[in-house]
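S.K.: Turn this into a model:
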Amino acid sequence: MRLKKRYWIGIPLLLSGAGWYGYNQWNKTPESLAQKEAQHVMDAQSLLSKFQTDYAGSNHKFVNQIIEISGTCTNVESRFESTGDTVQFVYMGGKGSGDILCQLESPKGSLPRKGDPIQ
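M.R.: Numbering: from 1, shown residues only. Okay, here's the model as predicted:
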C-alpha cells in the first residue's frame, strides 16, 4: 500500500520536473554572437569564390563558424517571421557571380542601402 502512495507522489513530481526542464529549454534565448571573435575575416567576393571553386572543402571549413565579411551591399530585406520577430537580411557580393546572404541579429543603427560599402 505504501508503494502505491509513493508512486502517486513521485510520478507527478517527476513529470512536472521534466515539463519544467523542457519548457525552459524550449524558451531559451539563443546565444548572442555580437561579442564573439570572428574565426575568419575576408571580403564577400573571396568567400563566394572559395565556395564556387571548392564547395565541399569550404562547407567543411566555414559552416558553424563566425565569419566577418566586408563588401558592397546589393540588396536589403526585412521579413516578418511567424514567431513575431522581424529578421533583417543583407545581400553582399555581386559582380554577376552571386551574392552572400547575411542575417542580422538586430541592427545597431540604420540598415545599409544598395551600393553602400560594408565593413
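
S.K.: Could you pull up the mean pLDDT of the top helix by length along the chain?
M.R.: Looking across the chain with DSSP state H, the single longest helix is helix 2-26. If you average the pLDDT over helix 2-26, you get 86.

S.K.: Given the helix or strand following that helix, what are its sheet partners and their directions?
M.R.: Later in the chain than helix 2-26, the nearest helix or strand by DSSP states H and E is strand 40-43. Here strand 40-43 is paired, per DSSP bridges, with strand 67-80 (parallel).

S.K.: residues of the partner strand that come out buried?
M.R.: Buried residues in strand 67-80, counted by 16 or more other CB atoms under 10 Å: 69, 71-74, 76. Yep, even glycine has a C-beta here, placed from its N, CA and C like the rest.

S.K.: any chance of these in CSV, with distance to residue 85 and pLDDT too?
M.R.: Converted to CSV, these look like this (distance: CB to CB, whole Å; pLDDT from 0 to 100):
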residue, distance to residue 85, pLDDT
69, 23, 87
71, 26, 86
72, 27, 85
73, 22, 85
74, 24, 85
76, 17, 86
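
S.K.: Which two among the residues you listed are spaced furthest apart?
M.R.: Largest separation among the buried residues of strand 67-80 by CB to CB: 69 and 76, giving 15.3 Å.

S.K.: Might one say that residue 41 is in contact with residue 66?
M.R.: No. Counting by CB atoms under 8 Å, residue 41 does not reach residue 66; the two are 9.8 Å apart.
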